[in-house]
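Engineer: Prediction below, plus the sequence it came from.
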Amino acid sequence: MRAVGLNSNHMSHNPLEQHFGLGSETVVDQIRIVWPTLSEDYTVLSEVAVNQMLRIKYEGF
């Protein structure tokens, strides 16, 4: 599990991009994103190919 937040530091903020080392794998079985809402919404992506950038937007607001 990895947590990503919009925390800010002095004159900067933490990056939202996440990089994962997968070795020789070519497909990720599952990515689960738990959104920080009161209803505990989550998004699940299955069979995700490697070597790509995904932009995932929360549609719950």
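Structural biologist: Yep, that arrived.
Engineer: what's the pLDDT at residue 34?
Structural biologist: pLDDT recorded at residue 34 is 85.
Engineer: Quick one: neighbours of it, just the number.
Structural biologist: Counted with other Cβ atoms under 10 Å, residues neighbouring residue 34 total 12. All C-beta spots, glycine's among them, are computed from the backbone N, C-alpha and C.
Engineer: and what of residue 21?
Structural biologist: A count of nearby residues for residue 21, using other Cβ under 10 Å, gives 5.
Engineer: Quick one: classify it as helix, strand or coil.
Structural biologist: coil (DSSP: H, G, I helix; E, B strand; the rest coil).
Engineer: what's the weakest-modelled helix or strand in this protein?
Structural biologist: The weakest-scoring helix or strand in the chain, judged by mean pLDDT, DSSP states H and E, is strand 8-9 (a mean of 64).
Engineer: residue closest to the middle of this protein?
Structural biologist: residue 33 (5.9 Å; Cα atoms, centre = their mean).
Engineer: as a whole number, average confidence for stretch 17-26?
Structural biologist: pLDDT averaged over stretch 17-26 gives 83.
Engineer: in that stretch, what counts as buried?
Structural biologist: Neighbour counts over stretch 17-26 (16 or more other Cβ atoms under 10 Å) mark no residue as buried.
Engineer: ok, back up a step: which one is the residue nearest to the centre of the chain nearest to, not counting chain neighbours?
Structural biologist: Of all residues not flanking residue 33 in the chain, residue 43 sits nearest, at 4.4 Å (Cβ to Cβ, 6 or more residues apart in numbering).
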